[in-house]
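Trainee: missing the sequence, but the structure's below:
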C-alpha cells in the first residue's frame, strides 16, 4: 500500500489570496486508512487536523493554523456508478469539473450545481455550495451517503439508513466532525438545458420576480451597482436538439470579455475609483440577449479567472425585494465604488441541519469586491442589512457572525453541536474560525 506523502512547514493560501496559514506539515493520503493514521499521529503530537480542497472558501474555515493540513488530491477515484439506484460514489478530492465530465461520459448528470466547478466534491458539499433552482437544492442536498474518518481514527460509512445521525450532520458539516473521504451523490440521466440570457431593468426584475422564479426551473440575475440595469438568466430543461454557442462566440463572450477584459476593467476601477460608475454603465450594456442549448453542466457553470472576495447571505424568499431595494438605496447614498455586480439566486427549503435554506424558501444575495480593493464599509453595511432580515451567511464566504447569532438562525444548530461534542470532544478538527461560528 502506498504511503501518504508528507511535507513540513508549508504555506497554504486560498484561491482569493485573502487567507493563509503555515501548518506544521501537509499530508496527502491515498486512502482512508492512511488518513486515519495521520489523524492519530496528529493526536499523539497534540495537533489539529484540517482538510482543504481547492481553497475556494473566502473564510478561514479550512485553515490548519500550525496543525496538520490534509490535501485530498490523491483521493480522486470514482468508486462506482449505480445506474439502477441512480447514484455515483466518488472520493473526496475529485474536482467537480472532473465529476461533471465523468458523469457526462456515462450519460448521467447532477440535478443542479453552482456556477463554479473548481471545488473538490467534499469541499463544495461541506460548505453548502449551491446554484439556483425552483425545485432543486444544494450539492449537499443531493448526497445519499458518505464515508468519513473520525477523531478516533475510525472509518464510518453513513447514509439515511446507516449511522443516520452522523449522516445528517456530516453532509454539510463544515469539516467540524471529521474528514470526508468519499461521497455518494444522487444522479439522473443526462439532460439538456436551454439558457436564455436577457438584459432587464432593476425595477422590472423585482416587479416580475414571482413569475420569473415560478415559471423557470433555474432563474438568477445580476444587478450592476451605480446603474438600474440587470442581466437575467433562465435555464430550463429541453428536449433538444443541442444548440451550443459557437466556439468562437463562447470564447469571446464567456472567456475573453467576461474574464480578460473584465480583469482589466476591475484593475482600472481599483486604481481610479471615480471611474467605477462609468465602467459599470458600460459593463451593464455589454451583456447581450442570447439563447443556447447545451449539456446541463456546461450551462450551469462558467469559467471564472478574475479573483475577488465575496460575502453572501441567504434571506427568506419573501424578503428579497425589500432587501434589494434597501441595498440599492444604500449604494446610491454612499461614497462606495462597487465594480462587481450583485448576484441573486434562489433555492427551495430543505432539511439539512446547517443548510442556509433550512426550513424556508430562500433567496441568496452575494456581493463581491475585486481583489485588493478597499472594503470601504460595503461588506459591513451589507451584513447589517442582511442580519436585519434574518439572514444566514454562506459558510464559505466572508461574514462576522458568531455561534450566538447562528444558534438563533438554525433550528437544528444545537443538534449539530451536540453531535460534534460526541465525535470530536477534543476538537481535533477545530480552528479559530470554527470556534467563532460553532462555539468552543
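Mentor: Cool, got the structure. Because the structure is a prediction, the values reported are computed rather than measured. Numbering: from 1, shown residues only.
Trainee: what comes up buried for stretch 25-33?
Mentor: 25, 26, 27, 28, 29, 30, 31, 32 (16 or more other CB atoms under 10 Å). Bear in mind the C-beta positions are built from the backbone N, C-alpha and C, glycine included.
Trainee: next step: those restricted to strands.
Mentor: Members of the buried residues of stretch 25-33 lying in strands (criterion: DSSP state E): 25, 26, 27, 28.
Trainee: the first one reaches residue 69, doesn't it?
Mentor: In other words, residue 25. Yes. Counting by CB atoms under 8 Å, residue 69 is a contact partner of residue 25 at 7.3 Å.
Trainee: so where's this structure uncertain?
Mentor: Across the chain, the ranges flagged by pLDDT under 70 are 1-9.
Trainee: now do the shared contacts for residue 25 and residue 69.
Mentor: Common contacts of residue 25 and residue 69 (CB atoms under 8 Å, 6 or more residues apart in numbering): residue 10.
Trainee: residues contacting the closest residue to residue 235 other than its chain neighbours?
Mentor: Using CB to CB, 6 or more residues apart in numbering and skipping the chain neighbours, the partner closest in space to residue 235 is residue 218 (3.9 Å). Applying CB under 8 Å, 6+ apart to residue 218 gives the contacts 112, 131, 132, 133, 134, 136, 193, 233, 234, 235, 236, 300.
Trainee: state the distance from residue 218 to residue 313.
Mentor: 20 Å (CB to CB, to the nearest Å).
Trainee: now do the contacts for the residue nearest to residue 317 when sequence neighbours are not counted.
Mentor: Spatial nearest neighbour of residue 317, excluding adjacent residues (CB to CB, 6+ apart): residue 361 at 3.9 Å. Shown in contact with residue 361 (CB under 8 Å, 6+ apart): 316, 317, 318, 346, 347, 348, 349.
Trainee: what's the next secondary structure element after the helix or strand hosting residue 43?
Mentor: Of the helices and strands defined by DSSP states H and E, residue 43 is found in helix 32-44. For helix 32-44, the following helix or strand on the C-terminal side (DSSP H and E) is strand 49-51.
Trainee: pull up the pairing partners for the helix or strand following that next one, direction included.
Mentor: Sequence order places strand 68-70 as the next helix or strand after strand 49-51, per DSSP H and E. Strands that pair with strand 68-70, judged by DSSP bridges, come out as strand 25-28 (parallel), strand 49-51 (parallel).
Trainee: run through who's touching strand 68-70.
Mentor: With CB under 8 Å, 6+ apart as the contact definition, strand 68-70 has outside contacts at 10, 12, 21, 23-29, 35, 38, 41-42, 47-52, 179.
Trainee: narrow those to those that are buried.
Mentor: If we count by 16+ other CB under 10 Å, those have these buried: 12, 21, 23-29, 35, 38, 41-42, 47-52, 179.
Trainee: what helix or strand does the residue at minimal distance from the centre of the chain sit in?
Mentor: Residue closest to the average C-alpha location in the chain (CA atoms, centre = their mean): residue 129, at 2.9 Å. Counting by DSSP H and E, no helix or strand carries residue 129.
Trainee: next SSE downstream of the helix or strand hosting residue 387?
Mentor: Using DSSP H and E, residue 387 sits within helix 378-388. Remark: after helix 378-388, the chain's next helix or strand is strand 392-393, criterion DSSP H and E.
Trainee: just the residues contacting that following strand, thanks.
Mentor: Here strand 392-393 has contacts from 311-315, 356, 383, 386, 399, 401, 406, 409-410, using CB under 8 Å, 6+ apart.
Trainee: can you tell me the strand partners of that strand and which way each runs?
Mentor: Within its sheet, strand 392-393 is paired with strand 308-316 (antiparallel), according to DSSP bridges.
Trainee: chain center to the strand it pairs with, what's the gap?
Mentor: Averaging C-alpha positions (CA atoms, centre = their mean, to the nearest Å) puts strand 308-316 10 Å from its chain's average.
Trainee: equivalent analysis for stretch 340-348, please.
Mentor: 12 Å.
Trainee: residues of it that come out buried?
Mentor: For stretch 340-348, burial by neighbour count (16+ other CB under 10 Å) applies to 340, 341, 342, 343, 344, 345, 346, 347.
Trainee: want to try CSV for those, with distance to residue 65 as columns?
Mentor: Formatted as CSV, these follow (distance: CB to CB, whole Å):
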residue, distance to residue 65
340, 30
341, 35
342, 33
343, 31
344, 35
345, 33
346, 36
347, 32
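Trainee: picking up where we left off before, adding distance to residue 202, write the strands paired with strand 68-70 out as CSV.
Mentor: CSV is the format used below for the strands paired with strand 68-70 (distance: least, CB to CB, whole Å):
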stretch, distance to residue 202
strand 25-28, 46
strand 49-51, 41
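Trainee: out of those, which gets nearest to residue 335?
Mentor: Judged by CB to CB, the one of these that comes nearest to residue 335 is strand 49-51, at 38.8 Å.
Trainee: find out how far the closest one is from the centre of the chain, if you would.
Mentor: Chain-centre distance of strand 49-51: 19 Å, with CA atoms, centre = their mean.
Trainee: just to revisit the earlier point, ok, and what's touching the helix holding residue 387?
Mentor: Here helix 378-388 makes contact (CB under 8 Å, 6+ apart) with 311, 313, 315, 323, 326-327, 330, 334, 336, 338, 365, 367, 369, 391, 393, 398-401, 405.
Trainee: okay, now residue 233: neighbour count?
Mentor: Using other CB atoms under 10 Å, residue 233 has 19 other residues around it.
Trainee: hmm, it is touching residue 216, no?
Mentor: No. Using CB under 8 Å, residue 233 makes no contact with residue 216, being 9.2 Å away.
Trainee: could you dump the contacts of residue 361 to CSV with distance to residue 269 and secondary structure?
Mentor: Formatted as CSV, those follow (distance: CB to CB, whole Å; DSSP: H, G, I helix; E, B strand; the rest coil):
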residue, distance to residue 269, secondary structure
316, 33, strand
317, 32, helix
318, 34, helix
346, 29, strand
347, 31, strand
348, 36, coil
349, 38, coil
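Trainee: from the residues you listed, which is closest to residue 228?
Mentor: Out of those, the member with the shortest distance to residue 228 (by CB to CB) is residue 346, at 21.5 Å.
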